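Enquirer: here is the input, now give the coordinates:
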Amino acid sequence: MSLGKKQPILLILTLLLTFLAITYLSKGFYNLAFDGSPRGARDLLERWKEQQYIYLNTYPYGMDRADINPILGRIRSGGYPPWAFFTGFFVFPNISWGLIRAYHVLLNFLFLGLLSRFAYQLGLPFGQLAA
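Expert: Alright, predicted model coming up:
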């Protein structure tokens, strides 16, 4: 017997949650890839600015006015401990803002695909519909 015949409520809830997840992910991808307003990908922009200051040999959270880069501006986010910037070298390479957005679109698609395959393989022993 298939999952739909055994538990119709589970199938309905699964379809509803799938629809909501796809809608939410689509909105996020749109904001990341196409929304050029200050609202689009604002958290990514703040992290990118912080890492750009690291590339300029300036700790981004304790800057004097003289240290503020006019192009990057002041950092408004809370802050990470200094050791956390090591991962920034991989997640935020020293490339332009436009390229970092494209890079993160690529990373999001790549890891969403890997996660989807992993989840599918996990559910496969319970049937194709469950997977």
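Enquirer: just for this protein, where's the confidence low?
Expert: For the chain, the stretches with pLDDT under 70 are 1-6, 38.
Enquirer: which residues touch residue 89?
Expert: Residues near residue 89 by C-beta atoms under 8 Å, 6 or more residues apart in numbering: residue 51. No exception for glycine: its C-beta is placed from N, CA and C like everyone else's.
Enquirer: can you offset everything so residue one is 41?
Expert: OK, 41 is where the count begins now, so the last one is residue 129.
Enquirer: residue 134 and residue 96 touch, don't they?
Expert: No: judged on C-beta atoms under 8 Å, residue 134 makes no contact with residue 96 at a distance of 9.9 Å.
Enquirer: taking the centroid of the chain, which residue is nearest it?
Expert: Centroid-nearest residue in the chain: residue 148, 6.2 Å away (criterion: C-alpha atoms, centre = their mean).
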